[in-house]
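In: Fold the following for me, if possible:
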Amino acid sequence: MVHHDIVIVGTGSGNAVVNESFADLSVGLVEERRAGGTCLNYGCIPSKMLIYAAGVADTAAAADRYNVDAELRGVRWRELRDRVFGRTDQHSDEGRKDREDGAYTTFYSGRAEFTGPRALLVEASDGTRTELTADRVVLANGGRPVIPDVVAESGLPFETSDTIMRVDEPPQRLAVLGGGYIAAELAHVFASAGSEIVVIEQSDTLLGGPQDDEIRQRYTEIARERYDLRLGAGLESLDGAPGRLRLRLDDGSTVEADTLLVAAGRRPNSDRLNLGAAGVDTRDDGRIVVDEFCRTTADGVFALGDVSAPIPLKHVANREAEVVSHNLLHPDRMRAVDHDLVPSAVFADPQMASVGLTESRCRDTHPDYLVGRTPYGDVAYGWAMRDDTGLCKVLVDRDSHRILGAHIMGPQAASLIQIFVVAMQFGVRADDLAHQPYWIHPALTEVVENALRDVREPS
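Out: Numbers count the residues shown, from 1 in each chain. Have a look, this model is predicted:
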């Protein structure tokens, strides 16, 4: 049995908990898969590298729209894939080696589960078992894709966001089960690489979560022009053979595809930890119960990221890692995590980004709200881009002129939303933000300025 001062399960944002400030302590890090976690290896980093390349391909394909003679000859998928994962795999391997060679860190490869309070058993893929104990434990082992029973029980092959980005060739016809942000982003990648896309979604519109209904509806109409959308339908059965899949939907229709991407949501990996042995409680949705300091219900056990957070986003996990790092070193003056005003973005085509309340939520909680809208096409840079779908929307409290929420769809949305994030965080009034700073002309930021100046009664 090996004892450490701290054991961290999961090396995504969990790896960021420890730094040179922990050099006087003994730290064990446990990782079941590749070092670096979901974002680096299976999620936001490789997907955005692929999405950027998809955008380049889309620009070439649409060059004639800008009076430029160009031709898209194709996407060299294997070279693109190998460049992307060559970079991320190298970073993962180097990160693991740094921890293996660290003066105060020990790296354990395998799955960890509790055997008692702050006692863990780590089992490696070769069957090697190591018993660990610790004064304090940090749970940061993330989440995984949800696989509906109808897919799992079919015995037929399928892909998830963990696997599809590493395929050898783009599918000819890709069926995407689910209509959330992962589905939107990966559909864009493979459509740009030449795949025919079918999206199956139980809701009548794509996306959900923090996205405003107006943005969702606009994106759904754009997607309808590009993909075969099967909305308001669920998967009833899956049969056929590898490479010749047949999906029967509960509306009576059938979808044929050579590849199925399951993007039906994610679940926390709490069920893999044997939490009952440690006295760690979970919520009904599987998330580990934590307080504002990221402490679980078990003494000396913390949790962060997708395994416990109410908002499963990487920047939330990173913030929680900062807080846990501080709280481990300073138990007498702990910091709390604030989950208010967490922005989100969808890196599809077009991009979408949100922070704060949606308009439907405003109707319920701030019925006297005001709304401002500016289409991208109404500002000079929008003219340059010939954009006819983008929109910036801001929701404002009538009395205080406090910004309640903001929603953007169009190029650079994930960057533009940060203006609203900062203003809301520091209580800048919408009218002050509109009129006091200089706004560079003719930069795209004018869509933000003009939406703020446009604030009026909702129509």
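In: Which positions within stretch 163-182 qualify as buried?
Out: Residues 164-165, 167, 170-171, 174-182 are the ones in stretch 163-182 that count as buried (16 or more other Cβ atoms under 10 Å). No exception for glycine: its C-beta is placed from N, CA and C like everyone else's.
In: One more: stretch 233-243?
Out: Of the residues in stretch 233-243, 233, 235, 238 count as buried by neighbour count, 16+ other Cβ under 10 Å.
In: from these, which is closest to A413?
Out: Within these, distances to A413 taken as Cβ to Cβ reach their minimum at A233, with 28.7 Å.
In: if I pick the closest one, what's in contact with it?
Out: Neighbouring residues of A233 by Cβ atoms under 8 Å, 6 or more residues apart in numbering: 200-202, 249-251, 253.
In: Surely G55 and P350 touch.
Out: No. Taking contact to mean Cβ atoms under 8 Å, the distance of 10.4 Å between G55 and P350 leaves them out of contact.
In: Apart from its neighbours in sequence, what residue is nearest the residue nearest to the spatial centre of the chain?
Out: Against the mean C-alpha coordinate of the chain, by Cα atoms, centre = their mean, the closest residue is L313 at 5.0 Å. The shortest distance from L313 to any residue other than its chain neighbours is 6.2 Å, reached at S344 (Cβ to Cβ, 6 or more residues apart in numbering).
In: Please enumerate the helices of the stretch 301-450 of the chain.
Out: Ranges of helices within the stretch 301-450 of the chain are 314-329, 359-365, 380-385, 413-425, 430-435, 446-453, based on DSSP state H, counting those that start in this stretch.
In: Could you identify which of the ones you listed is most buried?
Out: Per-residue neighbour counts averaged over each of the helices of the stretch 301-450 of the chain give the maximum for helix 446-453, namely a mean of 24 (mean count of other Cβ atoms under 10 Å).
In: quick one, that one and helix 413-425 angle?
Out: For the pair helix 446-453 and helix 413-425, the angle between their directions (axes from the mean of the first three to the mean of the last three Cα atoms, to 10 degrees) equals 40 degrees.
In: Give me the residues contacting helix 446-453.
Out: 372-376, 378-382, 390, 392-394, 406, 408, 410, 416, 419-420, 430-431, 433-435, 439.
In: Give me the subset of the buried residues of stretch 233-243 that lies in helices.
Out: When DSSP state H is applied, the buried residues of stretch 233-243 are split such that none fall in helices.
In: For burial, what's the neighbour tally of the residue lying closest to D228 once chain neighbours are set aside?
Out: Closest residue to D228 in three dimensions, ignoring its sequence neighbours and counting by Cβ to Cβ, 6+ apart: V198, at 4.3 Å. One way to gauge burial is a neighbour count; for V198, by other Cβ atoms under 10 Å, it gives 20.
In: I'd like the distance from the residue nearest to the centre of the chain to G142, if you could.
Out: For L313, the distance to G142 under the criterion Cβ to Cβ, to the nearest Å works out to 12 Å.
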